[in-house]
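Asks: got a structure for you, letters missing:
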């Protein structure tokens, strides 16, 4: 594990408009909160090229060092960057505009950043150390690997998932993965995870076709003692929101908007039975995964249901249907009841119920499900998703499934 000296930096200032604070030192860790540009954060530690900081509310988390600034050093060690200059970017021998020019870089060129200081980035150029103006480059990826003890994996959702040579839908496919296959995360670049293929080659898989798997198992949860839906407290979680749009359909449907519309219809149906219903968000706002599970804990929810719409990387329109996910073994009966009712009430292919290693399930202390209610990559499903009749069918299915669950 590589650690960069902090150079006695006690505080850092946020340079990005909105900066994600994560639960661990890497882009694969969950976002726990956000801070805005100009916020000053107290640094309490450093791991690889991430600062551990203390927030105003007393909580701690990790922020990317290349998105904050201090007067001494921004530890962007071993990071991939892309030149974002309109013209040629001068490569200099020393971090000064008066230093000798060794050559130039063009817009879009990729470079490996060794470190940053005082607005300059140190790079490798033609076999030697050199410097460029850091304001004309964009850090894209840390190439430093995670500590083995914190290593995370991705689990593939569908058969024939593409592992590509580059983090780009136009790059060549180097391996086909099957449902349930796992890969260790070697790094993150944009919306892609860098993984090692079964043949040992380096590859990339899109983050919207896999689930994150972490070490450790959940503690079995006791079944709710509530015996009637009218007595129950249900937390509905419209997936995504704010600067996290989720998947997008071929006709422009955004998952974040579709989940909120669905949640409101389901909430109205459940409230008609007398159930107490809480939404994790009631507008187009960003809510962290951690805060979503905390809402379930705060209200001691009898059931937490996260609503989503699926999508495939290659936009295969032939894949369609609804899937019910659970994590804890104690929630298998809940998943079965809800899934069976959805199969009966909803006019869409039912893909069954299965274990899903999602954060809002894995880290939830309450009985929890995650419903993928159709594929936005399927034009047929997308049309259903946008219809009021389909939303009413789903609401009826969830209503019937929960009624059966509590009665039993």
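Replies: Looks like it came in fine. The shown structure was predicted, so the numbers you read here are calculated from the model rather than taken from an experiment.
Asks: now do the contacts for residue 55.
Replies: When contacts are counted by Cβ atoms under 8 Å, 6 or more residues apart in numbering, residue 55 touches 21, 33, 35, 41, 61. C-beta coordinates here come from the backbone N, C-alpha and C atoms, glycine included.
Asks: state whether the second one is indeed within a strand.
Replies: Yes. Assigned with DSSP: H, G, I helix; E, B strand; the rest coil, residue 33 falls within a strand.
Asks: any chance you could map the strands in the stretch 251-400 of the chain?
Replies: 276-279, 303-310, 322-326, 350-355, 368-375 (DSSP state E, counting those that start in this stretch).
Asks: how about those strands in a markdown table, adding mean neighbour count and mean pLDDT?
Replies: Shown next, in a markdown table, are these (neighbours: other Cβ atoms under 10 Å; pLDDT from 0 to 100):
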| stretch | mean neighbour count | mean pLDDT |
| --- | --- | --- |
| strand 276-279 | 17 | 94 |
| strand 303-310 | 26 | 95 |
| strand 322-326 | 24 | 94 |
| strand 350-355 | 17 | 91 |
| strand 368-375 | 27 | 95 |
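Asks: closest one to residue 68 among the ones you listed?
Replies: With Cβ to Cβ as the criterion, residue 68 lies closest to strand 303-310 of these, at 31.4 Å.
Asks: surely residue 185 and residue 192 touch.
Replies: No. Judged on Cβ atoms under 8 Å, residue 185 makes no contact with residue 192 at a distance of 10.6 Å.
Asks: okay, now residue 198: neighbour count?
Replies: Residues lying near residue 198 (other Cβ atoms under 10 Å) number 12.
Asks: show the contacting residues for it.
Replies: Going by Cβ under 8 Å, 6+ apart, residue 198 touches residue 175.
Asks: return the distance of it relative to residue 161.
Replies: Noted for residue 198: a distance of 13 Å to residue 161, by Cβ to Cβ, to the nearest Å.
Asks: over to residue 334?
Replies: 28 Å.
Asks: now the contacts of residue 55 as JSON lines including distance to residue 381, pLDDT and neighbour count?
Replies: Formatted as JSON lines, the contacts of residue 55 follow (distance: Cβ to Cβ, whole Å; pLDDT from 0 to 100; neighbours: other Cβ atoms under 10 Å):
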{"residue": "21", "distance to residue 381": "35", "pLDDT": "85", "neighbour count": "21"}
{"residue": "33", "distance to residue 381": "33", "pLDDT": "80", "neighbour count": "17"}
{"residue": "35", "distance to residue 381": "37", "pLDDT": "81", "neighbour count": "20"}
{"residue": "41", "distance to residue 381": "43", "pLDDT": "80", "neighbour count": "22"}
{"residue": "61", "distance to residue 381": "37", "pLDDT": "85", "neighbour count": "23"}
